[in-house]
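In: Generate a structure from the sequence data that follows.
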Amino acid sequence: MREFFFFFFFFMLINLQESRAEDITAFVYAGCTQAKYQPGSPYQYNVEALLSSLSDASGVSPYANLSSGDASPAAAAVYGLHQCRGDLSAADCQACVRSATAHLSALCLGALGGALQLQGCYVRFAKDVFAGQLDKSIAFQKCSAPSNGDVAGTRESVLDALALAGAAGSYRVASAGAIQGLAQCLGDLGPSQCTDCLATAADAVRANCGLAGSASLYLVKCYVRYWSNRIPPQSIPGYHPESSHIDRTSRIVAIIAGVMAVVVLLYVFVASLKRPSVEDREEAPCIHHGKH
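Out: All right, here's what the predicted structure looks like:
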C-alpha cells in the first residue's frame, strides 16, 4: 500500500507538470521557405548544428542570436535565434525551445529557412542575416467573436499600455477592467524598434479584430495578445495574476488532500478484508498438538 501511494502521488505530480509543459509548447504557427538545400550538403550540417546550439543556449538565456558555419562559402552559413516568453524559467525556456527545434526540423526539413512559434517560445533560422532588422508584416492572427460586453474602453487601455513595452523591456503584461494582455518583442530589436513594432501590432488588432473578446496578432518581430479575465485561468498562457495563482494552488492542495483521503480509505478497506471477524475467531476450531 505504501508503494501504491507513492506511485499514485508521483503520477499525479507528473501529470500536473505535463499540463503546464503542454501549455508552453502549444503550437501557434510555423512557416518554411520554398527554396531547398541539397541533402547531405554543408548547409544541412550547419542547420542541424545551429538548432542544437539554440537548444543548448536556451538553458542559459531567454534570447540568443547565433550563426553556424563560416561565411566562406557564404552559401553554407546559417543564422538563427530563439526567444522565450518573458515569464518562463530557464528550465521551461529550454524545454520549449527543445520542442520547437525538434518540430521545426521536421516541419521544414530541407528548407533554407523556417520559423516556429509556440505559446512559450519562438525559433527561426535562415540563410541571410535578419537580426536587428524590423519586419512588421503579419505572420499570424486570430480573433474571437465580438464580445457581448463593452470591451472597447478597457481594451484600448490595455493595448495602449502594451504598445509601450519597448520602453520598459521586451516583455510586458497589462490589465484594465475585465481585459488582460501581454506583448513581447524579439530580443534583437532596440527600444524604439520594439515600440514601433508593438504600436503597429496594436493598430492591426484594432483594424482586423474589431471588438473581439480576445485576439492574438503576431508580426514577424513582435506580438500582442489580449483576453477577458472571465476565461478560466488555465486556458490563459503567459499571464499569471496573483488571484489565479492562489486559485491554482488551492485546487492542487485540494486534489492532493482528496487523493490522500482515498488512499487512506483504500488502506482501511484492504486491511479489513485481511482481518478475521469476531464470529470467525469464535467458530474456528481449536487444534491441539500433543504426543500420540
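In: Would you confirm that Cys97 belongs to a strand?
Out: Slight slip there: residue 97 is Val, not Cys. No. Looking at Val97 with DSSP: H, G, I helix; E, B strand; the rest coil, it is helix, so not inside a strand.
In: Identify the residues contacting it.
Out: Applying CB atoms under 8 Å, 6 or more residues apart in numbering to Val97 gives the contacts 54-55, 58, 82, 84, 121, 123. Using the backbone N, CA and C atoms, a C-beta is placed for each residue, glycine as well.
In: Strands along the chain, start to end?
Out: Here the chain has its strands, by DSSP state E, at 27-32, 63-68, 78-84, 114-118, 121-126, 138-143, 171-176, 179-185, 215-219, 222-228.
In: Out of the contacts of Val97, flag the one nearest to Ala100.
Out: Val123 (4.3 Å; CB to CB).
In: Identify the residues contacting the closest residue to the closest one other than its chain neighbours.
Out: Leaving aside its sequence neighbours, Val123 sits nearest to Ala100 (CB to CB, 6 or more residues apart in numbering; 4.3 Å). Residues near Ala100 by CB under 8 Å, 6+ apart: 25, 82, 116, 118, 121-123.
In: which of these sit farthest apart?
Out: Thr25 and His82 (13.4 Å).
In: neighbour count winner among those two?
Out: His82 (30 against 20; other CB atoms under 10 Å).
In: Could you pull up the contacting residues of the more buried one?
Out: 54-55, 57-58, 63-64, 97, 100-101, 121-123.
In: Kindly report the same for Leu182.
Out: Applying CB under 8 Å, 6+ apart, the residues near Leu182 are 162, 171-174, 224-226, 238-239.
In: and the gap between it and Gln83?
Out: According to CB to CB, to the nearest Å, Leu182 and Gln83 sit 14 Å apart.
In: same check, this time on Leu164
Out: For Leu164, the distance to Gln83 - CB to CB - is 19 Å.
In: which one of the two has more residues nearby?
Out: Counting neighbours by other CB under 10 Å for Leu164 and for Gln83 shows that Gln83 has the greater number, 26 against 15.
In: Who are the contact partners of that one?
Out: Gln83 neighbours (CB under 8 Å, 6+ apart): 62-63, 121-122, 184, 186-187.
In: can you redo those as a markdown table with pLDDT?
Out: Formatted as a markdown table, those follow (pLDDT from 0 to 100):
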| residue | pLDDT |
| --- | --- |
| Pro62 | 96 |
| Tyr63 | 96 |
| Cys121 | 98 |
| Tyr122 | 98 |
| Gln184 | 96 |
| Leu186 | 95 |
| Gly187 | 94 |
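In: now, which of these sits nearest Val158?
Out: Of the contacts of Gln83, the one sitting nearest to Val158 (CB to CB) turns out to be Gln184, at 14.5 Å.
In: Thought Gly166 was touching the closest one, still the case?
Out: No. Counting by CB atoms under 8 Å, Gln184 sits too far from Gly166 to count as a contact (10.2 Å).
In: So for these two, which sits in the more crowded spot?
Out: Neighbour totals were compared for Gln184 and Gly166, and Gln184 leads with 27 against 23 (other CB under 10 Å).
In: Distance of that one relative to Pro62?
Out: On the measure of CB to CB, Gln184 and Pro62 end up 10 Å apart.
In: any shared contact partners between those two?
Out: Common neighbours of Gln184 and Pro62 (CB under 8 Å, 6+ apart) are 83, 85-86.
In: Return the member of those nearest to Ser41.
Out: Once CB to CB is applied, the member of the shared contacts of Gln184 and Pro62 that ends up nearest Ser41 is Gln83, at 27.7 Å.
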